[in-house]
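[1] My questions concern the predicted model and sequence given below.
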Amino acid sequence: MHIQTQNAFRALADPTRRDIVQILAAQEMTIGQLTARFDMTRAAVKKHLTVLSDGGLISVEARGRERINRLEPQGLAPVLDWLSYFDQFWDDRLNSLKETIERKKK
């Protein structure tokens, strides 16, 4: 598995980070704004943001003294590509099952 895909899966493995991704999908936020939404310290939120950034799922932009966190949807592409293999796998398996059932009905 490609390193970027591994980093993206690692970032999404934690439920708090998945929550952060969902929040940032709706709007950009500072660390302070995100911290207010969770029962954890600013340092803990910062660690989650670092993992998300390493996974290519968010970017951080400095605006004056603030650091704005934003979702990078293209960071999900390696995950979707990897999962799409299994979509095709199940499509093939289900089509095969359907054909088998239809042959047995005749």
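    Right, received. Where do you want to start? Numbering: from 1, shown residues only.
[2] all contacts plus neighbour counts: C-alpha atoms, from now on.
    Fine.
[3] In contact with the residue nearest to the spatial centre of the chain, which residues are there?
    With distances taken as Cα atoms, centre = their mean, residue 12 lies nearest the centre of the chain, 4.8 Å away. Residues in contact with residue 12 (Cα atoms under 8 Å, 6 or more residues apart in numbering) are 18, 52.
[4] pLDDT on the longest helix belonging to the chain, on average?
    What stands out as the longest helix in the chain, according to DSSP state H, is helix 77-105. For helix 77-105, the mean pLDDT works out to 82.
[5] With stretch 57-65 instead?
    On average, stretch 57-65 scores 96.
[6] same question, stretch 31-47
    In this model, stretch 31-47 has a mean pLDDT of 97.
[7] buried residues in it?
    Of the residues in stretch 31-47, 31, 34-35, 42, 45 count as buried by neighbour count, 16 or more other Cα atoms under 10 Å.
[8] for that stretch, how far is the first residue from the last?
    11 Å (Cα to Cα, to the nearest Å).
[9] where along this structure do the helices fall?
    3-12, 15-26, 31-35, 42-54, 77-105.
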